[in-house]
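*Asks:* Sequence first, then the predicted structure:
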Amino acid sequence: MVPNDVITSPLQDYFVSLGFNVDQTNGKKIIKYFSSPELEINSLYNGVGLVDLSANGILELRGKDVLDFLNRITTNSIKDLPKEEIVKTIFTTEKGRIIDTATILNFDDYQILVCSGVNKMKIKNWIEKYIISDDVKVSDVPSKYILFQLTGPQADSFITLIGGNYVNNVQTNKFKVINSEDMMFFAAKFIDEKGNPMYWVLADNQNGLNLISYLHSNISLFDFNFIGEEAWNSYRIEQGIPAAPFEINDQHNPHEVNLLDRVSFTKGCYIGQEVIARLDTYDKVQKQLFGIIFPEPVENNEQFLLYDDKDEEVGTVTSAAFSYKYKKYMGLGVIRKAYLGDGVQLIARNASKSMTVSLQSLPFKK
């Protein structure tokens, strides 16, 4: 039995049946790698990788007031979201700090909200806290859905294996129901951090398992890999992608971690709006997400404080990993803007280590 507080994916039993090993770390059951981190990273950059998102928080929202309600409590414009469209938004505190990011898919008579697995219950409770007379009901639906992401330059052609030419009709930031090979699923299209089409595939458990099995058996024409935790953490750091709980947490605001594309500055009020707008209007943002290169090995997502040559604290290291693309240890940090610049050196220090690190703009290029 898996304890209730351990985050797991409904796909993991299937992966175990294929012979892959599951590890538990930080309250989450993960597969560190499926083939090797090197091969998986190569698929993300040159082929196509399948990232299991089923352990993310997936909530169903029902009621005639859902879109208007979400519009009032999150950062992006949602109230006029058309059917089969998608919007990315942020839940923020009264002080403009991040609770979590969320992706909203509008199915018309209900909506699906996808957030991080670690913050699922926090988001559910936050929504319920602000429901007064609104016709809004939020439900946790553990293990009801399988959700995975196809990332890489071959993703656009790879998804036609299960969607055929129907997928060509899916526009960016929209989704469509697809019936193909006796399987039904929803395909959602995005543009990834490198400018390539990226897809989410959402299905009920049985259809989702059938999809994964079918893809695993029909990959000969593609540089395809399932993507484990090691490779994905390395990739997201190389690309400067913030994640919960490392960069996406209530220590930071959307300005600091490069999430302003999820903030509307033209809609009406929402929780935290005054603070976020003031920071933008008066250019008061003091810190920014930036890249860090370590001169020696560090543990995955090891935490450090950053100091200048006068021993003044100037930032924090939020994520760290070995880069399988650049063959060095890299990280992300939220650092005072006055210290940012390629090649700037700072001291990274925690209870057991101290070292001089170099800064580099994001995404990493070498």
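*Replies:* Received it, and whenever you're ready, just let me know what you need. Keep in mind it's a predicted model, so treat the numbers as computed, not measured.
*Asks:* Please enumerate the helices of this structure.
*Replies:* Taking DSSP state H as the criterion, the chain carries its helices at 12-17, 37-46, 66-73, 120-130, 155-158, 160-163, 205-217, 229-239, 273-281.
*Asks:* All the strands of the stretch 1-150 of the chain, residue numbers only.
*Replies:* Taking DSSP state E, counting those that start in this stretch as the criterion, the stretch 1-150 of the chain carries its strands at 23-25, 28-30, 48-52, 57-62, 86-92, 98-106, 111-115, 137-140, 145-151.
*Asks:* what's the neighbour count on Leu332?
*Replies:* Counted with other CB atoms under 10 Å, the neighbours of Leu332 add up to 28. Yep, even glycine has a C-beta here, placed from its N, CA and C like the rest.
*Asks:* If you tally nearby residues, what's the number for the spatially closest residue to it that is not a sequence neighbour?
*Replies:* Here the nearest residue to Leu332 in space, its sequence neighbours aside, is Ser319; by CB to CB, 6 or more residues apart in numbering that works out to 4.4 Å. Other residues lying near Ser319 total 23 when counted by other CB under 10 Å.
*Asks:* Strands of the stretch 251-366 of the chain, residue ranges please.
*Replies:* With DSSP E, counting those that start in this stretch as the criterion, the stretch 251-366 of the chain has strands at 287-294, 304-307, 313-323, 328-336, 345-349, 354-360.
*Asks:* In JSON lines: those strands, plus mean pLDDT and distance to Lys79.
*Replies:* Compiled in JSON lines, the strands of the stretch 251-366 of the chain are given as follows (pLDDT from 0 to 100; distance: least, CB to CB, whole Å):
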{"stretch": "strand 287-294", "mean pLDDT": "98", "distance to Lys79": "29"}
{"stretch": "strand 304-307", "mean pLDDT": "98", "distance to Lys79": "41"}
{"stretch": "strand 313-323", "mean pLDDT": "98", "distance to Lys79": "33"}
{"stretch": "strand 328-336", "mean pLDDT": "98", "distance to Lys79": "31"}
{"stretch": "strand 345-349", "mean pLDDT": "98", "distance to Lys79": "44"}
{"stretch": "strand 354-360", "mean pLDDT": "98", "distance to Lys79": "40"}
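*Asks:* Tell me which of the ones you listed lies nearest to Ser9.
*Replies:* strand 313-323 (20.6 Å; CB to CB).
*Asks:* what helices or strands is that closest one leaning on?
*Replies:* helix 229-239, strand 287-294, strand 304-307, strand 328-336, strand 345-349 (3 or more CB pairs under 8 Å, 6 or more residues apart in numbering; DSSP states H and E).
*Asks:* Mind putting the ones you listed into JSON lines with distance to Ala187?
*Replies:* What follows is these, written out as JSON lines (distance: least, CB to CB, whole Å):
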{"stretch": "helix 229-239", "distance to Ala187": "21"}
{"stretch": "strand 287-294", "distance to Ala187": "30"}
{"stretch": "strand 304-307", "distance to Ala187": "41"}
{"stretch": "strand 328-336", "distance to Ala187": "30"}
{"stretch": "strand 345-349", "distance to Ala187": "42"}
